[in-house]
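>>> Below are the sequence and a predicted model for it; my questions follow.
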Amino acid sequence: MNTTTRFLGQAALYGAFALAIGYFSTAPAYTHLAPDQALLKLSFSHGAQRVGECRDRSDAELAKLPPNMRIRQDCPRERAPVIVELEMDGAPLYRESLPPSGLSRDGSASVYRRFVVPAGTHHLSARLADNAKGEFNYRAEKTLTLAPAQIAVVEFHAPAGFQFLH
């Protein structure tokens, strides 16, 4: 095969490849959301309270331990599951019991969920329980007006509680 034929073949293949890239960069058209929908995201990572209380070790128990492990208080590592509920306009949107991460179940529980919702005004209610009793100790409510294709985020930070960002 001579050099001219080889270069023409390469040019034809490169041209076909460039045309394919050009076509797939614009088509098929991708629609993120329908024109009358908005997006609600729930996202947070939270370490719940410990399952049990710390206890003081007796002098006999401390004597049995190696010197580098003689700590007076014995505290459990395991954390309680995080229970989260999200309601929109009085109807449940999401409810989950999130287990703590880690081999010893001592890490934080994380959630990331997306909900496609109709655009418009909605009343959101969020609750979170991070104790062994399962009692909701964080609550928040907010009325949001979501425009079409708008994204709203529900976050949780322990000191501030729930935050609704839009």
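Everything's here; your move.
>>> Please make it C-alpha for all contacts and neighbour counts, starting now.
Will do.
>>> Now do residue 117 against residue 66, distance only.
Counting by C-alpha to C-alpha, to the nearest Å, the gap from residue 117 to residue 66 is 58 Å.
>>> out of these two, which sits in the more crowded spot?
residue 117 (18 against 8; other C-alpha atoms under 10 Å).
>>> which residues touch the more buried one?
Contacts for residue 117 were tallied using C-alpha atoms under 8 Å, 6 or more residues apart in numbering; they are 37-40.
>>> Same question for residue 83.
Contacts of residue 83 were listed using C-alpha under 8 Å, 6+ apart, and they are 95-98, 128-130, 134.
>>> now swap in residue 87 and tell me
93-94, 124-126.
>>> how much space is there between it and residue 78?
Taking C-alpha to C-alpha, one finds residue 87 at 29 Å from residue 78.
>>> Can you say which two of the contacts of residue 83 are spatially most distant?
Farthest-apart pair in these is 95 and 130; separation 13.8 Å (C-alpha to C-alpha).
>>> Compare neighbour counts for the two and give me the winner.
Neighbour count, other C-alpha under 10 Å: between residue 95 and residue 130, residue 130 has more, with 26 against 14.
>>> Quick one: residues contacting that one.
With C-alpha under 8 Å, 6+ apart, residue 130 has these contacts: 47-49, 80-83, 136-137.
>>> Among those residues, which lie within strands?
Of these, the ones assigned to strands by DSSP state E are 82-83.
>>> Need the buried ones from the contacts of residue 130 selected in ChimeraX.
This is how ChimeraX selects the buried members of the contacts of residue 130, with burial counted by 16 or more other C-alpha atoms under 10 Å:
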select :47,48,49,80,81,82,83,136
